[in-house]
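# Sequence unavailable; structure follows:
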């Protein structure tokens, strides 16, 4: 049995049985195996001492074989310039940078961004944005996790596929439950979601699973809560790092169902949905649209999410509007509530894809839910957004210009 490892340019073979160490020269045909230390464009002193030439981004330097193998001394090469190929499309000249000037990686565009820009230019997709449309991704240009090169294409894909995961009016298919029972279930699930301190994505995915399942299968009234906790269990497994266990949901439902009941319902839901869980919920659009609502602060963000969750809890808005429209209407209603000017900017129109006229009806419905939330018997959402950590946005006066009585009085 032998153990092989690499050290500089020498290949050692250690015999584990005899304890002998054999040394074998790894230099063959004038080629050396380089230690993976510096993968940039700049050559360190170690590589220079070994007589290696820099590898640039436009060419491959082929090392010539050393004829004098018996030569014992190698002259140290003089400091050399490293050629960095510029990524500017309009310039083909190369820039010469010395090693003392340090790395210039921050100034060099990624290959992906260069290719994307060239592809769009070749297809005629590069249009100069209107000066009134602000670049909301400029601050994230250096953040790889923000994927600024792809974010617009990602949301175009979301808009194209959102109809596949949404539901229409299905209550006529349910003889034993109604829209009010659904709202009671959502109110309780919001309380459970807050109790377990789950991610916001989990709540939106939970309601998507509940609505899609109810549109496919008739559910008895006594099983509606079981559908709710099973859907949240699935959403937790999809979104959360530390998902609550089955026994946690059994306990929080006051042992109304056994553990086996939850597992059977979980399997039934997944079978009906054919394991299709990657759907664009209103949450993914809310994150983007709030970012486009400049200027934006924590109060604006909390109010947008409050209005969106009001729309999620109420059956008419949940089934009548697609996720992107519900999210855009929540942003519009929030701006009306806070008195932002203008109410709808070119930046928001560009990123949401909706005009003010397209959102007005949905926004009126959300503001109506806001105006009646304080008197409603379902208080979970109202308490959630009345707390100081949510800037108490539920206590704000609703937008008067979107209330029906205000419209008749000509206040809009």
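Arrived safely, thanks for sending. Here the structure is a predicted model, which is why all the values come from computation and not from measurement.
# Could you use CA atoms for every contact and neighbour count after this?
Will do.
# Could you say whether residue 234 sits in a helix, a strand or coil?
Following DSSP: H, G, I helix; E, B strand; the rest coil, we place residue 234 in the helix state.
# ok, now which ones touch the closest residue to it other than its chain neighbours?
Nearest non-adjacent residue to residue 234, counting by C-alpha to C-alpha, 6 or more residues apart in numbering: residue 266, 7.1 Å away. Residues counted as contacts of residue 266 (C-alpha atoms under 8 Å, 6 or more residues apart in numbering) are 230-231, 233-234.
# which one of the residues you listed is nearest residue 167?
Closest approach between the contacts of residue 266 and residue 167, by C-alpha to C-alpha: residue 231, at 15.6 Å.
# Dump the contacts of residue 266 to a markdown table, plus distance to residue 204.
As requested, these are arranged in a markdown table below (distance: C-alpha to C-alpha, whole Å):
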| residue | distance to residue 204 |
| --- | --- |
| 230 | 14 |
| 231 | 11 |
| 233 | 13 |
| 234 | 12 |
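# What's the end-to-end length of stretch 138-153?
16 Å (C-alpha to C-alpha, to the nearest Å).
# ugh, typo on my part, it should be stretch 195-202
Criterion C-alpha to C-alpha; first-to-last residue distance in stretch 195-202 is 13 Å.
# Buried residues in it, which are they?
198, 201-202 (16 or more other C-alpha atoms under 10 Å).
# Next: stretch 235-244.
235-236, 239, 243.
# repeat for stretch 262-271
Buried residues in stretch 262-271, counted by 16+ other C-alpha under 10 Å: 262, 265-266, 268-270.
# Narrow those to those in helices?
Members of the buried residues of stretch 262-271 lying in helices (criterion: DSSP state H): 262, 265-266, 268-270.
# And the strands in this structure?
Residue ranges of the strands in the chain, as given by DSSP state E, are 2-7, 10-15, 21-25, 82-85, 94-97.
# Now the fourth one: average pLDDT?
Model confidence over strand 82-85, given as mean pLDDT, is 44.
# And the second one, by the same measure?
Average pLDDT, strand 10-15: 41.
# Pick the one among the contacts of residue 266 closest to residue 142.
residue 234 (34.9 Å).
# How much space separates the closest one from residue 221?
In terms of C-alpha to C-alpha, residue 234 sits 21 Å off from residue 221.
# returning to that earlier point: quick one: which of the buried residues of stretch 262-271 is nearest residue 400?
Checking those against residue 400 by C-alpha to C-alpha gives residue 269 as the nearest, at 41.9 Å.
# Might you report the residue contacts of the residue nearest to the closest one when sequence neighbours are not counted?
Excluding its sequence neighbours, the residue lying closest to residue 269 (C-alpha to C-alpha, 6+ apart) is residue 213, at 6.4 Å. Residues counted as contacts of residue 213 (C-alpha under 8 Å, 6+ apart) are 269, 272-273.
# would a markdown table of the residues you listed with distance to residue 285 be doable?
Formatted as a markdown table, those follow (distance: C-alpha to C-alpha, whole Å):
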| residue | distance to residue 285 |
| --- | --- |
| 269 | 25 |
| 272 | 26 |
| 273 | 22 |
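# Count the residues that sit near residue 351.
Using other C-alpha atoms under 10 Å, residue 351 has 20 neighbouring residues.
# residues contacting it?
By C-alpha under 8 Å, 6+ apart, residue 351 lies in contact with 289, 292.
# about what we covered before: look up how far residue 178 lies from the residue nearest to residue 234.
22 Å.
# now residue 154
Relative to residue 178, residue 154 is positioned 36 Å away (C-alpha to C-alpha).
# more crowded one of those two?
Under the criterion of other C-alpha under 10 Å, the comparison of residue 154 against residue 178 puts residue 178 first, with 15 against 12.
# ok, the closest residue to the more buried one other than its chain neighbours - how many residues close by?
Nearest non-adjacent residue to residue 178, counting by C-alpha to C-alpha, 6+ apart: residue 171, 6.2 Å away. Counted by other C-alpha under 10 Å, the residues lying close to residue 171 total 16.
# Just list the residues touching residue 171, thanks.
If a contact means C-alpha under 8 Å, 6+ apart, then residue 171 has 177-179, 215 as its contacts.
# Just the buried ones from those residues, in PyMOL syntax?
Buried residues among the contacts of residue 171 (16+ other C-alpha under 10 Å), as a PyMOL selection:
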select buried, resi 177+215
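# Just the buried positions in stretch 214-228, please.
214-215, 219, 224-228.
# same question, stretch 331-351
Per 16+ other C-alpha under 10 Å, stretch 331-351 contains these buried residues: 331-338, 340, 343-349, 351.
# gap between the closest residue to residue 212 other than its chain neighbours and residue 151?
Leaving aside its chain neighbours, residue 212 sits nearest to residue 167 (6.0 Å; criterion: C-alpha to C-alpha, 6+ apart). Using C-alpha to C-alpha, residue 167 is found at 26 Å from residue 151.
# Who has more neighbours out of the two?
Regarding residue 167 and residue 151, a neighbour count based on other C-alpha under 10 Å identifies residue 167 as having more, with 20 against 13.
# Need phi/psi at the more buried one.
Reported as degrees, to the nearest 10, the phi and psi values for residue 167 are phi -120, psi 160.
# Now do stretch 147-156, average pLDDT.
The model assigns stretch 147-156 a mean pLDDT of 86.
# Now do the buried residues in it.
Of the residues in stretch 147-156, 148-149, 155 count as buried by neighbour count, 16+ other C-alpha under 10 Å.
# Also stretch 370-381?
Within stretch 370-381, the residues scored as buried using 16+ other C-alpha under 10 Å are 370-371, 373, 378, 380-381.
# and the two most separated of those residues?
Using C-alpha to C-alpha, those span at most 15.6 Å, a distance reached by 371 and 380.
# can you pick the most crowded of the contacts of residue 266?
residue 230 (28 neighbours).
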